[in-house]
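Peer 1: Need coordinates for the following:
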Amino acid sequence: MVGRLVAWVAEKRDSIRVHWVYQNHLKGRDWIKYIPCANSSWVWRRICKVKQDIAHGFVDRDWVVQPTRYTPAGCYEWFREARPPVHWSKVVWNDWAVPKHQFLGWLVAHEALNKVNKLVQYVLEVDDKFLMCGQSEECLSHLFFECQ
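Peer 2: Now for the predicted structure:
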């Protein structure tokens, strides 16, 4: 959302906030090249940090990323690294699941559950057999699909 103020200043939007920034901070200097003073407030330094992060999205004071008008959602999509959709997302993130079960499903999908084989990795002396059946080592596929 701070990016919206940064975009307004870059576009020289007719706003009291933008006029205040130009009067009190920029004082005739170029906004894209502006670096705040060391004794500036932490809020102003944070705004300038956001400006530095998104500055390469502007060319000649215009936002050049899709959508061509700056929006926080568009900026978020621009920053986010593109990842292919995952096949399990609709199963885990749905309207009927309890949040606790959604989180557990997310951990399962990322193979991040704390299992016995994780304890074995930390050189703890434990039996790595599945406690319920004792037949196979404890893993997600055995836990959810193979165990009798």
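
Peer 1: Please, where are all the helices along the protein?
Peer 2: Counting by DSSP state H, the chain has helices at residues 2-11, 16-21, 42-54, 72-79, 89-92, 99-109, 116-121, 140-141.

Peer 1: for the fourth one, packing partners?
Peer 2: It refers to helix 72-79. For helix 72-79, the packing partners by 3 or more Cβ pairs under 8 Å, 6 or more residues apart in numbering; DSSP states H and E come out as helix 2-11. C-beta: built from backbone N, CA, C; applies to glycine.

Peer 1: mind running it again at 10 Å?
Peer 2: helix 2-11, helix 42-54, strand 62-63 (3 or more Cβ pairs under 10 Å, 6 or more residues apart in numbering; DSSP states H and E).

Peer 1: Specify the angle between it and helix 42-54 in degrees.
Peer 2: 60 degrees (axes from the mean of the first three to the mean of the last three Cα atoms, to 10 degrees).

Peer 1: State the number of residues packed around Trp31.
Peer 2: 20 (other Cβ atoms under 10 Å).

Peer 1: dump the residue contacts of the residue nearest to it when sequence neighbours are not counted.
Peer 2: Closest residue to Trp31 apart from its sequence neighbours, by Cβ to Cβ, 6 or more residues apart in numbering: Val9 at 5.3 Å. By Cβ atoms under 10 Å, 6 or more residues apart in numbering, the contact set of Val9 is 15, 17-19, 21-22, 25-26, 31-32, 34, 47, 51, 61.

Peer 1: If we use 6 Å, what do you get?
Peer 2: Val18, Val21, Trp31 (Cβ atoms under 6 Å, 6 or more residues apart in numbering).

Peer 1: can you list the domain ranges for this protein.
Peer 2: 2-79, 89-146 (automatic domain parsing).
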